[in-house]
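Q: Below are the sequence and a predicted model; questions follow.
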Amino acid sequence: MRPEIKILLILINVFTIASAVLFALKKIQPVSFLIFSFLWFMLMLVIWRLLPSSIYKRSLTFKDHFAMHFEGEGIMLETAKGSKGWEWNKFSYFIESPYFFHLYFDARSFFLVPKDAFKDITDLQAVREMLRERIGKKKLTS
């Protein structure tokens, strides 16, 4: 969703398509195309797998067990060390993706709430409706 990430991915893919076209037109050698393809693959691997994995493994936050409660007054996050609550008006918007709810405080601060943490589809639907009523979805523009 970040504009700089979108631009980076678009530029990388445009460069990939351009190199494939140049290779097909025999403007670049096969070794050059092979090296570029390998570098493109490694960059994608680092961005999508290695970087997130290294962050999650180092951070104690991602090793803790959480419980999140959606209530009338707001959202309560509990761990073994304590709890913290936020009123609904502290969130500016939310975005729903296939596997997560992204609850945004501002453009750079957010919670990821995994959908598979809900007991059943009824709980998921209830939280989705509560988020729509209390926070509001962000309108996505392309």
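A: Great, that's in hand.

Q: The top helix by length along the chain - contacts with which helices or strands?
A: Ranked by residue count, the top helix of the chain under DSSP state H comes out as helix 3-24. Packed against helix 3-24 by the contact rule (3 or more Cβ pairs under 8 Å, 6 or more residues apart in numbering; DSSP states H and E) you find helix 30-45. For glycine as for every other residue, the C-beta is placed from the backbone atoms N, C-alpha and C.

Q: Rounded mean pLDDT for the helix it packs on, please.
A: Helix 30-45 shows a mean pLDDT of 86.

Q: Not counting that helix itself, show me its contacts.
A: 12, 15, 16, 19, 20, 22, 23 (Cβ atoms under 8 Å, 6 or more residues apart in numbering).

Q: which outside residues touch the longest helix of the chain?
A: 28, 30, 32, 33, 36, 37, 40, 43, 44.

Q: By neighbour count, which of those wins?
A: Neighbour counts for the contacts of helix 3-24, by other Cβ atoms under 10 Å, peak at residue 36, which reaches 18 neighbours.

Q: Would you map the helices across this structure?
A: Using DSSP H, the helices of the chain run over 3-24, 30-45, 51-58, 121-134.

Q: how many neighbours does residue 84 have?
A: 9.

Q: How about it: what's its closest non-neighbour residue?
A: Of all residues not flanking residue 84 in the chain, residue 77 sits nearest, at 5.2 Å (Cβ to Cβ, 6 or more residues apart in numbering).

Q: which regions of this structure sit below the pLDDT cut-off?
A: Applying pLDDT under 70 to the chain picks out residues 1-2, 60-63, 138-142.

Q: Show me it divided up by domain.
A: Using automatic domain parsing, the domains assigned to the chain come out as 3-60, 64-134.

Q: Report the distance from the first one to the chain centre.
A: This means domain 3-60. 19 Å (Cα atoms, centre = their mean, to the nearest Å).

Q: what's the answer for stretch 83-93, then?
A: With Cα atoms, centre = their mean, you get 19 Å for stretch 83-93.

Q: And the contacts of that stretch?
A: 73-77, 103-106, 134-138.

Q: which of the residues you listed has the most neighbours?
A: Counting by other Cβ under 10 Å, top hit in the contacts of stretch 83-93: residue 75 with 23 neighbours.
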